[in-house]
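Asks: Mind folding the following:
(2 chains)
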Amino acid sequence: MSSLQFPLNLPKPPNSQKTQILKPHVEKHHQILYNSYFKQISTLIKQGKLHQSVNLLHELESQRFTIGADIYGDLLQGCVYERNLSLGMQIHARILKKGESLCKNVFLETKLVVFYAKCDELDYALCLFNDDEVKNVFSWSAIIGVYCRLRFYDEVLLGFNEMVDKGFVVDNFVVPNVLKACGGLLWLRFGKGVHGYVAKMGFGDCVFVKSSLVDMYGKCGALEDAGKVFEGMGERNVVSWNSLMTSYAQNGLFEEAIRVFWEMRCEGVEPSVVSLVSFLSACANVCAVEEGKQGHSIAILNGLDVGNIVGTSLVNLYSKTGLVKDAEKVFSKMKKKDIVAWNLMVSCYVQNKQTEKTLDLCRDMLFKGLKFDSVTMTLIATCAGDIQNLKLGKETHCQCIRNNLVGDVTVASSIVDMYAKCNKIHDARRVFSSVRSKDLVLWNTLLAAYAELGSSGETLKLFYEMQLQGVPPNVVSWNSVILAFLRNGQVKEAMDSFSEMGSFGIEANLITHTSLITGLVQNRCVDEAISVFQEMLEKGIKPNSVSIVGILSACKTRASLQLGKAIHGYVLRHGMHMNVVLATSIVDMYAKCGYIKQARKVFDMILVKEISLYNTMISGYALHGCHSEAFDLFKDLQSEGIKPDSITFTSILSLCRHCGLITEGLDIFINMITKHGVTPSMEHYGCLVSLLSKCGKSEAFRLVHSMPFKPDSHILGSLLAYCIENNETDLAKYLTDKLAKIEPNNSGNYVALSNAYATNEMWDEVSELRGFMREQGIKKNPGCSWVQIGHELHAFVANDRSKSQSYEIYSMLALLRTEMQANTNL
DNA sequence: ATAGGGTTAG
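Replies: Residues are numbered from 1 along each chain as shown, chains lettered A, B, ... in the order given. So this is what the prediction gives:
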């Protein structure tokens, strides 16, 4: 509900000549008394004692004095100092009551314009100002000031033009407002014009004007000009430094901003709240923890750390750098917390995926009587998406509808994203369509949602649609297109888009390269992934842990120890933060590339180990058939108090399979269910089936019948191996047909059959099958099947070292290697 | 004259 707008009906003064007289006509013996009252009122107002001066006014009035414009003027000035609107309006009313002589007084009218303008009462101010005779330097300045505060920047510039046209001098108090308007509108040319005016009028030495110029150039992105003005300043104050710092920060040059703060300290300029806030924000944006912490200390030294805004900035800093505990500490110490502070703390929990605390804090907000604003709603929607809590998401959506917040594109984006993350793409689309003014991020949100699903057609359609709607795609949009292709197996199209984006003036960034690398590896295009990685390094883009993990997975697919070592070296040389994911993939790389000892070395160096790291190391041992080491590790992790999970058992069981440890395998399987409460998965059954088959136990079939899953190709493959081993030819044929029916296009079938042959040393059949695969053009995933056959052969050799001496195996491995290379260099 | 929070891509 919007409130009714009443028209402004200020009483019209009588139509007569304007006056300039300040003092009323008073008889001589009263003159002295009046003057002494005037003096007292004047002094009191300058001391900020407005109410006492009003009392004097009452005294004067009770003595039937006529009050002149001089006293009313001073009182109004007092109201300006205090921004006391109601008192000023009462004085205005009194002036109107006094009739013609005062209400047509230009001095008072000007004062009233200034008064209303300073109180941000634009309409009242304009009522008086619209009279041409009231327009002077003072009233113009006040009007431009209020336009500026209310962000009517067009009006500010129009006013500036009119002032100059009419020959009024725009002084160094008004120029900063004009420059702020130029900055707000990003009108660089106009701003340069004002710069010229400044030079002509000789305001060049005014710190206010020059600081405003720095700010204006910074807001318009003209950093060189900003720097030049700053360099040319004879006198600088904190604001000048702050303006330069924010210029850099607002244009994304956070390191530069940090440097400016440092120079400012070197010059001995004491930072203000604004300096600290800007500096801390820059630190937060580049995760400069050390610098930020120093900023915190400086804030404490200057006693600025408990203020709402500095506190908020500190919470932001610790939130962005993942130091949740520090953020909490600052937050709890803050005396006054506004909605921004609360939202930031919530945001901290959202960013660091602490769901419980997120929702608790939101409840706390309501308990403290705060109302959620659009930012809070955005955060809750994001949280709901993260944990795929559709119920919470829907409630948030409803709450936004009730509070009329869905028109906010940022809120809308988060809701679209929430529905997408909850696998409700149609709801996401519906919300998207309902937003009238879609911005780039909103488009990108839906693009990303379709890309995630691999719906490349829908993504492309949207990609063209946004351009038709006049929203040019940016890197993020292109990245989604590339991702959509990769998720859909359209490697060529992805690569084409990658090379095409440059001609649209869009530069591929870290994310582009990373998603390409990861996607190419997933599509088995390992060599392409490696060259994209090299291209990225040549372009000077610093890989992060995600891209390193991607390229490491290329190394292990290609079993390229050499490249893997190089990447490990890169990580160490560049002092990259060893997070668990990165460490795990290095361990995995060494294990998969056959360097199990090095894998263990890296493993031992990680101080805080998680279950995933143990799993990786155990599966590495499994791959190499090192059962005693694997079992030891399995014991170690339990004595560390870490609970083995489903994947741990998959690794251990696959180890048993490799090593043919039937008793141990069965024991572990039973323990897993009874002692550890892990529900057996298809993989677990698969390992056991394979183990039993391998050892020639027909119980494998019984196990397959009793398991609560339909057997997949791997399990059928294991049974097939058993059949081939035990000359159960009919059953083998049956299984092969079944395999072909389940997944006719899956090269894994052939791999399984090939494995079966390999297990039985049926090398002729292996090569025959290889020929068949080549004929059938199973080239969609070049290299994949060969790599797997190769691995299985490796395992075969590893199981029985005497066979590794056989010339037959050796030559086959060599052949496979050349074929692998031939296939993947396509 | 200068300053703090939310949404999208791996």
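Asks: check contacts around the residue nearest in space to the middle of chain A.
Replies: Residue closest to the average C-alpha location in chain A (CA atoms, centre = their mean): residue A:351, at 8.6 Å. Contact criterion CB atoms under 8 Å, 6 or more residues apart in numbering gives A:319-320, A:322 as the residues in contact with residue A:351. In this view, the C-beta of every residue, glycine as well, is placed from N, C-alpha and C.
Asks: likewise residue A:408?
Replies: So, once contact is read as CB under 8 Å, 6+ apart, residue A:408 ends up touching residue A:374.
Asks: can you give me phi and psi for it?
Replies: Taking degrees, to the nearest 10, you get phi -70, psi 120 for the backbone angles of residue A:408.
Asks: ok, and the most crowded of the contacts of residue A:351?
Replies: Neighbour counts for the contacts of residue A:351 were taken using other CB atoms under 10 Å; the highest belongs to residue A:319, which has 25 neighbours.
Asks: how close does the residue lying closest to that one once chain neighbours are set aside sit to residue A:404?
Replies: Residue nearest to residue A:319 in three dimensions, not counting chain neighbours: residue A:348, with 3.4 Å by CB to CB, 6 or more residues apart in numbering. Residue A:348 sits at a distance of 27 Å from residue A:404 (criterion: CB to CB, to the nearest Å).
Asks: what residues go with each domain of chain A?
Replies: A:10-134, A:135-235, A:238-336, A:626-706, A:710-826 (automatic domain parsing).
Asks: Between the two ends of the fourth one, what distance do you get?
Replies: End-to-end distance of domain A:626-706: 30 Å, with CA to CA, to the nearest Å as the criterion.
Asks: per-residue confidence averaged over that domain?
Replies: For domain A:626-706, mean pLDDT is 91.
Asks: Pretty sure residue A:184 sits against residue A:155.
Replies: No - between residue A:184 and residue A:155 no contact is recorded; they are 11.7 Å apart, counting by CB atoms under 8 Å.
Asks: coming back round to it: rank the domains of chain A by mean pLDDT and give me the bottom one.
Replies: Minimum mean pLDDT among the domains of chain A: domain A:710-826, a mean of 64.
Asks: Keeping just the C-alphas, turn stretch A:316-329 into PDB.
Replies: Backbone C-alpha positions of stretch A:316-329 (Å, rounded to 0.1, in the frame of the first residue of the first chain) are rendered in PDB as follows:
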ATOM      1  CA  ASN A 316      33.100  -9.700   5.500                       C
ATOM      2  CA  LEU A 317      36.900 -10.100   5.500                       C
ATOM      3  CA  TYR A 318      36.900 -13.200   7.700                       C
ATOM      4  CA  SER A 319      33.800 -14.600   5.900                       C
ATOM      5  CA  LYS A 320      35.400 -14.300   2.500                       C
ATOM      6  CA  THR A 321      38.700 -15.900   3.700                       C
ATOM      7  CA  GLY A 322      36.900 -18.700   5.400                       C
ATOM      8  CA  LEU A 323      37.900 -17.800   8.900                       C
ATOM      9  CA  VAL A 324      34.400 -18.400  10.300                       C
ATOM     10  CA  LYS A 325      35.600 -18.400  13.900                       C
ATOM     11  CA  ASP A 326      37.200 -14.900  13.600                       C
ATOM     12  CA  ALA A 327      34.100 -13.600  11.900                       C
ATOM     13  CA  GLU A 328      32.000 -14.900  14.800                       C
ATOM     14  CA  LYS A 329      34.300 -13.200  17.300                       C
END
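Asks: How about the secondary structure of residue A:714?
Replies: Here residue A:714 takes the helix state, with states given by DSSP: H, G, I helix; E, B strand; the rest coil.
Asks: count of residues packed around it?
Replies: 21.
Asks: pretty sure it contacts residue A:686?
Replies: Yes - shown here, residue A:714 and residue A:686 form a contact pair, counting by CB under 8 Å, at 5.1 Å.
Asks: Nearest spatial neighbour of residue A:237, chain-adjacent residues omitted?
Replies: If the residues on either side of it in the chain are set aside, residue A:237 comes closest to residue A:207, at 5.6 Å by CB to CB, 6+ apart.
Asks: give me every residue that touches the one you found.
Replies: Residue A:207 is in contact with A:233, A:235-237, A:239-240, counting by CB under 8 Å, 6+ apart.
Asks: Could you check how far it is from residue A:243?
Replies: Counting by CB to CB, the separation of residue A:207 from residue A:243 is 10 Å.
Asks: Also residue A:150?
Replies: Counting by CB to CB, the gap between residue A:150 and residue A:243 amounts to 22 Å.
Asks: swap in residue A:617?
Replies: Noted for residue A:617: a distance of 55 Å to residue A:243, by CB to CB.
Asks: sorry, back to before: next up, the contacts around the residue nearest to residue A:319.
Replies: Contacts of residue A:348 (CB under 8 Å, 6+ apart): A:315, A:318-319, A:324, A:327.
Asks: who are the neighbours of the helix or strand containing residue A:513, in terms of helices and strands?
Replies: Assigned by DSSP states H and E, residue A:513 belongs to helix A:510-522. Taking 3 or more CB pairs under 8 Å, 6 or more residues apart in numbering; DSSP states H and E as the contact definition, the neighbouring helices and strands of helix A:510-522 are helix A:475-487, helix A:491-500, helix A:526-538, helix A:545-558.
Asks: Pick the most deeply packed of those helices.
Replies: With neighbours taken as mean count of other CB atoms under 10 Å, the helices and strands packed on helix A:510-522 reach their highest mean count in helix A:475-487, at a mean of 24.
Asks: between that helix and helix A:510-522, what angle do the directions make?
Replies: Interaxial angle of helix A:475-487 relative to helix A:510-522 (axes from the mean of the first three to the mean of the last three CA atoms, to 10 degrees): 0 degrees.
Asks: Where does the prediction get shaky in the stretch 501-650 of chain A?
Replies: Nowhere does the stretch 501-650 of chain A drop to pLDDT under 70.
Asks: Around DNA strand B, pick out the residues from it.
Replies: For the stretch 501-650 of chain A, the contact set with DNA strand B under CB under 7 Å from any atom of the strand comprises A:509-512, A:514-515, A:518-519, A:544, A:546-547.
Asks: Turn the buried ones among the residues you listed into a named ChimeraX selection, would you?
Replies: Buried residues within these, by 16 or more other CB atoms under 10 Å, are selected in ChimeraX with:
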select /A:510,511,512,514,515,518,519,546,547
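Asks: Now compare the residues of the stretch 501-650 of chain A next to DNA strand B and name the two farthest from each other.
Replies: Of all pairs drawn from these, the one with the longest distance (CB to CB) is A:519 and A:544, at 16.3 Å.
Asks: could you pull out the helices for the stretch 101-250 of chain A?
Replies: Remark: helices of the stretch 101-250 of chain A, listed N- to C-terminal, are A:106-118, A:122-129, A:137-149, A:153-165, A:175-185, A:188-201, A:207-219, A:223-231, A:238-250; assignment by DSSP state H, counting those that start in this stretch.
Asks: which two in the contacts of residue A:348 are spaced the farthest apart?
Replies: Using CB to CB, the contacts of residue A:348 span at most 10.2 Å, a distance reached by A:315 and A:324.
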